[in-house]
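>>> sequence and predicted structure are below.
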Amino acid sequence: MFDNTDWSYLFFRLTLSGLNVVRSLFVAYCVANTVAPERTRQAVVNAAWFGLEMYTVAQMSVGSFFRKKADMFNKFLPKASSAKQSSSDEGDSSIACEYSATETLTFDERPINMELLVLRKGKQLHVYSNIEHKSHVITNNDDLFKKVEYNFLSCAVYSIPQRTKLFDIDLSEGNGLGNFYSEGNVLLDRLFLKFYVQRFLPKEAESLIKQLDLEYEVQLIDGNADFHTLKPNHFVIIGSQGITCCVHHPPPEGTDIAEETNECDETVLNNKEKTI
């Protein structure tokens, strides 16, 4: 009736075997239930749970297997959407202004005209200040957004004299705005901190700005695991291998504010604990 090589014959034999197993199990259950009904019901429940667990494990294993195969297969497919997004990011060469501000700040009872400009190109940010490091020469727009492989381990602002933390500072791309680690960026002075709280902490900005007009300090652990304390008249300049800590120098009395200069402490802080 059936050919031994026919798949229908194999399926027929498997069906008969399955029916024989079901019949044997049913007979065994009837006998056991007659002899010890409580233990029989408990054994059936345990067997049902075991079967459910085995089915779940098998389903997860099979699903994982097919997902891995699908991922492997997708590697060889053209990634049109990803390529489009990548080309869009790379092709975004336009420069946009994220923030600009001018303010006259007072250090040692002398005023200094300050200017801050935050520019964006893609995900990289450039922070321009009128006290920008004189040795950092800009030759083209690409130099403004030259990313450095350097990050602070931690950075936070504390009130004085209470020494309570006011807020943390995140200068990495994960902050949602962009990466502040560009060579030559002037960061962490009072005007920059006011911009930071307005941009990232808008609900608390008003009270924090009042705190920043008083005494405060920035506690910083740089990429070399060195600890620095910055006062309100201090700022840092990002370099390719580290930071340069500088101090705002107010102009001498009688000097026209428009002709004022700001000098930098040229000491690069690396591998030493230093408080300026």
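Thanks, I have it. Numbering: from 1, shown residues only.
>>> helices and strands around whichever strand or helix holds Thr106, which ones?
Element membership for Thr106 (DSSP states H and E) is strand 96-107. With contacts defined as 3 or more Cβ pairs under 8 Å, 6 or more residues apart in numbering; DSSP states H and E, strand 96-107 has these neighbours: strand 110-121, helix 190-200. Yep, even glycine has a C-beta here, placed from its N, CA and C like the rest.
>>> just say which of these is most tucked in.
Burial of the helices and strands packed on strand 96-107 is given as mean neighbour count (mean count of other Cβ atoms under 10 Å); helix 190-200 ranks first at a mean of 20.
>>> which strands and helices lie in contact with it?
Partner elements for helix 190-200 (3+ Cβ pairs under 8 Å, 6+ apart): strand 96-107, strand 110-121, strand 124-129, helix 205-212.
>>> pLDDT on the second one, on average?
Here the mean pLDDT over strand 110-121 is 84, rounded to a whole number.
>>> report the angle between it and helix 190-200.
Angle of strand 110-121 versus helix 190-200, following axes from the mean of the first three to the mean of the last three Cα atoms, to 10 degrees, is 40 degrees.
>>> which secondary element of this protein has the worst mean pLDDT?
strand 268-269 (a mean of 40; mean pLDDT, DSSP states H and E).
>>> can you pull out the helices in the stretch 1-150 of the chain?
Using DSSP state H, counting those that start in this stretch, the helices assigned to the stretch 1-150 of the chain run over residues 7-35, 37-74, 80-91, 141-144.
>>> ranking the ones you listed by mean pLDDT, which is last?
Across those, helix 80-91 gives the lowest mean pLDDT, at a mean of 45.
>>> these two touch, right, Gly223 and Cys155?
No - Gly223 lies out of contact with Cys155 (Cβ atoms under 8 Å); the separation is 11.1 Å.
>>> in terms of neighbours, single out the busier of these two.
Shown here are Gly223 and Cys155; by other Cβ atoms under 10 Å, Cys155 has more neighbours (21 against 16).
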